[in-house]
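A.B. asks: can't give you the sequence, but here's the structure:
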C-alpha cells in the first residue's frame with residue numbers, strides 16, 4: 001500500500017549540486033502528493049522561510065578528499081556549514097541532511113538536523129528521500145540529539161575524551177556486534193576489539209585521546225569482535241562534539257568487512273597475474289595499488305608511478321605519448337561521468353629499444369558512499385595479439401577454409417575471403433548485399449534471424465560455437481556446411497569469425513556408414529578409449545543384448561551386460577579396451593553375456609582401434625558363438641568320453657595340441673605333460689619306431705585331405721610298458737580351425753595274441769618237420 005501524504009502542496013528547498021535538484025524533480029511525479037522543488041539561495045538567510053522543508057545534500061564528489069574543482073557547486077565545507085548554521089535557527093524549517101557515510105555528520109547532528117539520510121538512499125531511491133521530506137513538513141520532530149543519533153544507519157559511539165569510556169552506542173552498532181545496549185556500554189573498547197596485534201584497549205585510548213587533541217581523527221580501520229566471535233572491520237572517523245555542555249568524542253563508523261576481503265583477494269590475485277593490475281583515484285591524481293607486473297612491462301619500479309602517476313608516459317613511444325596522455329584524461333572523464341562500459345585504448349611502448357603494444361582498460365569502482373571514486377583496470381601486453389592480427393590479414397585470403405567476418409552486434413557480413421566467394425559462386429559485392437538470409441535456406445529454418453542470434457550469443461559469451469548450416473549457392477544447389485563461430489579482433493575491431501567447411505560429402509559418407517553399420521549381422525559397439533564408455537551401438541547389438549536404445553546400454557554398462565560372477569567383470573573389459581587403444585593391435589577374446597531378462601550367451605569379441613568422425617575409438621565387433629560353444633562342449637564330452645585314444649595336431653607344424661582322457665590313462669601322464677613332452681620320449685624307438693614318422697603322417701593328411709588308416713604304432717607308458725595302437729588320421733575342423741585328428745585303438749592284446757599264435761605256429765612247424773624227418777628216416 002502506498003504511503004498517504006497531506007494534500008497541501010509542500011515546497012521543498014534544495015541545498016547542494018544542481019544534479020541533486022534534477023534528480024529530485026525527476027522523482028517527484030511518483031509521489032501521491034504534489035510538491036514544489038526549488039534551489040535555496042544560500043547567501044540570503046531569510047530565503048529559507050519560504051520553504052516547508054530543506055534537503056541539504058553533500059555528494060560523494062564534493063566530499064572526496066582529492067577533489068580539486070573549485071567551481072563545483074555545494075562543496076563539502078559550504079553545505080556542512082550551511083546545515084549547521086540553519087539547523088540551529090528557530091525559524092528554520094525541518095532540515096533533512098543527505099551525505100555519504102564516510103562524511104562526518106557530528107556537527108550536523110549536534111546542530112539539530114531533523115533527519116540524516118545516507119547518500120546511497122538518494123542515488124538509489126530519490127522518491128524515498130522526498131517522502132521523508134514531506135513527512136517532516138507534517139509534524140515538526142523534536143530536536144532530540146539522541147533520537148536522531150540512534151536512527152542513523154551507520155554505527156555510532158560516544159566516548160569520554162579523557163578515559164575513553166563508552167558513554168553510548170547507537171542501535172546500529174548493537175545490531176552489528178550482536179550485544180544489547182546495556183551490555184555493550186558496560187564494556188571497554190578493548191573488550192569488543194578483535195584480538196589482532198596492534199589493536200587493543202591501549203591503542204583505542206590513544207586514538208580517542210588524539211581526537212581530543214586534534215579535533216578529528218580518521219578515517220582509520222579497526223577490527224571488532226561480535227558476541228558470537230565473528231570479526232568485522234569498520235572504518236571510523238572520530239570527532240569531538242559538545243552535547244548538553246559536555247565535550248565528548250563521537251566515532252562514526254562504516255562496516256568495511258566486505259571491502260577489506262575484496263581488497264585482500266584483489267591483491268592476492270593480482271600478484272599472480274602477468275597483466276598489470278592497478279587501482280587509482282578517479283581523477284588519476286594518485287595510484288593506490290599496482291602490481292609488480294608493471295615493473296616488467298614498463299621497465300620502471302612501481303614506486304615511480306606511486307610517486308607520480310604520469311611517470312607511465314616515460315615508457316610510452318614518443319610518437320604515442322600525447323595520444324596516451326589524452327586517452328588517460330578521456331578515461332578519467334568517462335569513469336567519473338559514469339558512462340556505461342569500460343574505457344579501453346591501445347598504444348605503443350618503447351622500452352630498451354623494443355616497441356611493444358599495450359591495451360589499457362579502466363573500469364569504475366564505487367566507494368562506500370556508492371559514488372564512483374576510483375578506477376580499477378588492467379594493462380595487457382598485446383604485442384603478440386597485434387602480430388597475430390597482421391598474420392591473420394596475410395593468411396585470410398590464402399587459406400582454403402571459407403571465412404566470413406561478422407559484426408558482433410548486428411550479425412551482418414562485413415568481409416569474406418576468396419574461399420568463401422568460391423564456395424557460394426557469387427562475387428564479393430553480391431555476397432555482402434545478400435547477407436546470411438539470402439545465402440541460406442530459410443524454408444528449412446536456416447534464417448538470418450537465427451544466424452544473428454547465434455553470432456550475438458558468441459560475441460556476448462565469448463565462447464566458440466560450432467553449428468551445421470544449409471546454404472544455397474548461386475546456381476541454386478543446396479549444400480551443408482559446418483560453421484565454427486569465434487570472437488576475434490580484426491583491424492582493431494571486435495568481430496565474430498565464421499569458419500565455414502563444406503561437409504556435404506562427409507555427411508553422405510556418414511549416412512552410408514550408418515546404413516552399413518546397422519545393416520551388418522555382426523553386433524558392433526563403439527567405445528571411447530578415454531572414458532571407456534559406450535559411444536554407439538548398432539541395431540544388431542541392441543538385438544543381441546535385448547535393449548531398446550543406447551541410453552539403456554549406457555545405463556547398464558559392461559557390468560550390467562556381462563556374467564560378472566564367472567569373471568567377466570567391467571574391470572577386465574575396460575582393461576582390454578585400454579590395452580587395444582594403447583597398442584593399436586587387434587585382440588580377439590571370448591566373452592560371456594548375461595543381459596537382464598535374457599539368457600546367458602557367448603560371444604566372440606574382436607577389439608580394434610578405428611577413427612570414426614575424426615575421433616579415435618575402439619570397435620568391438622561381436623559374434624554370437626553360443627551354438628558353437630554348445631557344440632564344443634558336446635565335442636569335449638565325446639572327446640573325453642570315448643574309449644579310443646585321440647590326439648589333435650596342428651596341420652602345419654604337426655605339433656600335438658590336445659589329447660583326450662583315454663590317452664592320459666593309457667600312458668600314465670596328465671594332459672599337459674603329454675603335450676609338452678618330446679615325441680621321442682613316448683615313442684618305442686627301441687622297437688624301430690621313429691617319432692618323426694607321425695609328423696609325416698600328419699602333414700601328408702593335411703596336404704592331401706585323405707585319411708590315413710590302420711597305422712600301427714608303439715608307445716612307451718610312464719611305467720615303461722609298451723602299448724600298441726592302431727591309428728587312423730583324418731583332417732577336420734575344430735573350433736573354426738583346421739586340425740588333424742588321430743583316433744587310435746589299443747591293440748596291445750591283439751598283438752600279444754598274434755605273437756603267441758606265431759610262436760605256436762613256429763613250434764608246430766618245427767615239431768611237424770621233426771616228425772616228418774623221423775618218418776622219412
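C.D. replies: Cool, the structure landed. Just so it is clear, the structure is predicted and the values come from calculations on it, not from any experiment.
A.B. asks: what about the stretch 601-750 of the chain, any weak spots by pLDDT?
C.D. replies: For the stretch 601-750 of the chain, applying pLDDT under 70 flags the ranges 686-689.
A.B. asks: now the strands for it?
C.D. replies: 601-612, 615-624, 645-649, 656-659, 708-716, 722-734, 737-746 (DSSP state E, counting those that start in this stretch).
A.B. asks: neighbouring strands - and their directions - for the third one?
C.D. replies: So the one you mean is strand 645-649. strand 656-659 (antiparallel), strand 737-746 (antiparallel) (DSSP bridges).
A.B. asks: now do it against strand 722-734, angle only.
C.D. replies: Counting by axes from the mean of the first three to the mean of the last three C-alpha atoms, to 10 degrees, strand 645-649 points 50 degrees away from the direction of strand 722-734.
A.B. asks: list the buried residues in strand 645-649.
C.D. replies: 645-649 (16 or more other C-beta atoms under 10 Å). Placement of C-beta: from N, CA and C, glycine included.
A.B. asks: the fourth one now?
C.D. replies: Burial within strand 656-659, assessed by neighbour count using 16+ other C-beta under 10 Å, is assigned to 656, 658-659.
A.B. asks: the closest residue in space to residue 684 that isn't next to it in sequence: neighbouring residues, count only.
C.D. replies: In this structure, residue 684 finds its nearest non-sequential neighbour in residue 714, 3.7 Å apart by C-beta to C-beta, 6 or more residues apart in numbering. If you count neighbours by other C-beta atoms under 10 Å, residue 714 ends up with 18.
A.B. asks: residue 535: helix or strand, and which one exactly?
C.D. replies: strand 534-537 (DSSP states H and E).
A.B. asks: sheet partners, orientation included, of that strand?
C.D. replies: strand 523-527 (antiparallel).
A.B. asks: tell me what angle the strand it pairs with forms with strand 601-612.
C.D. replies: 50 degrees.
A.B. asks: gap between strand 523-527 and the chain center?
C.D. replies: Between the centre of strand 523-527 and the centre of its chain there are 30 Å (C-alpha atoms, centre = their mean, to the nearest Å).
A.B. asks: the stretch 651-777 of the chain: helices as residue ranges?
C.D. replies: 661-667, 671-676, 679-682, 691-704, 748-776 (DSSP state H, counting those that start in this stretch).
A.B. asks: any idea which of these is most buried?
C.D. replies: The highest mean neighbour count among the helices of the stretch 651-777 of the chain, using mean count of other C-beta atoms under 10 Å, belongs to helix 661-667: a mean of 18.
A.B. asks: packing partners of that one?
C.D. replies: strand 645-649, helix 671-676 (3 or more C-beta pairs under 8 Å, 6 or more residues apart in numbering; DSSP states H and E).
A.B. asks: of all the ones you listed, which lies closest to residue 189?
C.D. replies: helix 671-676 (91.7 Å; C-beta to C-beta).
A.B. asks: which residues does the closest one contact?
C.D. replies: 656-659, 661, 663-664, 667, 682 (C-beta atoms under 8 Å, 6 or more residues apart in numbering).
A.B. asks: now the helices for the stretch 101-250 of the chain?
C.D. replies: Using DSSP H, counting those that start in this stretch, helices in the stretch 101-250 of the chain cover 106-111, 119-124, 126-138, 145-151, 171-177, 181-185, 201-214.
A.B. asks: and residue 616, how far from residue 526?
C.D. replies: Separation of residue 616 from residue 526 (C-beta to C-beta, to the nearest Å) stands at 11 Å.
A.B. asks: between the two, tell me which one has more neighbours.
C.D. replies: Taking other C-beta under 10 Å, residue 616 and residue 526 do not tie; residue 526 has more neighbours (19 against 13).
A.B. asks: nearest to residue 435, of the helices and strands packed on helix 661-667?
C.D. replies: Nearest to residue 435, of the helices and strands packed on helix 661-667 and by C-beta to C-beta, is strand 645-649 at 76.3 Å.
A.B. asks: and the angle for the closest one with helix 691-704?
C.D. replies: 70 degrees.
A.B. asks: got the angle between strand 645-649 and strand 708-716?
C.D. replies: Using the same axes, to 10 degrees: strand 645-649 against strand 708-716 is 100 degrees.
A.B. asks: can you give me how far strand 645-649 is from the chain middle?
C.D. replies: 64 Å.
A.B. asks: residues contacting that strand, please?
C.D. replies: With C-beta under 8 Å, 6+ apart, strand 645-649 has contacts from 639, 655-660, 662-663, 666, 698, 725, 734, 739-746.
A.B. asks: and if you look at stretch 222-229?
C.D. replies: Residues contacting stretch 222-229 (C-beta under 8 Å, 6+ apart): 176-179, 192-196, 199, 204, 207, 231-236, 253.
A.B. asks: could the helices and strands packed on helix 661-667 go into TSV alongside distance to residue 286?
C.D. replies: Shown next, in TSV, are the helices and strands packed on helix 661-667 (distance: least, C-beta to C-beta, whole Å):
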stretch	distance to residue 286
strand 645-649	95
helix 671-676	90
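A.B. asks: so which strand or helix has the spatially most central residue of the chain?
C.D. replies: The centre of the chain sits closest to residue 463, judged by C-alpha atoms, centre = their mean, with a distance of 11.8 Å. Using DSSP H and E, residue 463 sits within no helix or strand.
A.B. asks: distance check, it against residue 481.
C.D. replies: The value you get for residue 463 to residue 481, if C-beta to C-beta is used, is 20 Å.
A.B. asks: and residue 232, by the same measure?
C.D. replies: 59 Å.
A.B. asks: ok, now residue 114?
C.D. replies: 71 Å.
A.B. asks: likewise for residue 460?
C.D. replies: Taking C-beta to C-beta, one finds residue 460 at 23 Å from residue 481.
A.B. asks: what do you get for residue 12?
C.D. replies: 65 Å.
A.B. asks: okay, these two: which has more neighbours?
C.D. replies: Comparing residue 12 with residue 481 by other C-beta under 10 Å, the one with more neighbours is residue 12, at 26 against 19.
A.B. asks: tell me the contacts of that one?
C.D. replies: 24, 35-38, 51-55, 130, 133-134.
A.B. asks: which of these are buried? Put it as a PyMOL command.
C.D. replies: A single PyMOL command selects the buried members of these (16+ other C-beta under 10 Å):
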select buried, resi 24+35+37+51+52+53+54+55+130+133+134
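A.B. asks: closest one of the contacts of residue 12 to residue 602?
C.D. replies: residue 130 (86.4 Å).
A.B. asks: what residues are up against that closest one?
C.D. replies: Contacts of residue 130 by C-beta under 8 Å, 6+ apart are 12, 24, 27-28, 31, 35.
A.B. asks: looking at the residues you listed, which is nearest residue 445?
C.D. replies: For these, the nearest to residue 445 is residue 27 (47.6 Å; C-beta to C-beta).
A.B. asks: where does pLDDT dip in the stretch 351-500 of the chain?
C.D. replies: Ranges of the stretch 351-500 of the chain meeting pLDDT under 70: 367-370, 392-393, 397-398.
A.B. asks: tell me where it has helices.
C.D. replies: Using DSSP H, counting those that start in this stretch, helices in the stretch 351-500 of the chain cover 383-396, 418-424, 428-439, 448-461.
A.B. asks: got those helices as TSV, with mean neighbour count and distance to residue 158 columns?
C.D. replies: Below are the helices of the stretch 351-500 of the chain laid out as TSV (neighbours: other C-beta atoms under 10 Å; distance: least, C-beta to C-beta, whole Å):
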stretch	mean neighbour count	distance to residue 158
helix 383-396	13	58
helix 418-424	18	76
helix 428-439	16	70
helix 448-461	17	53
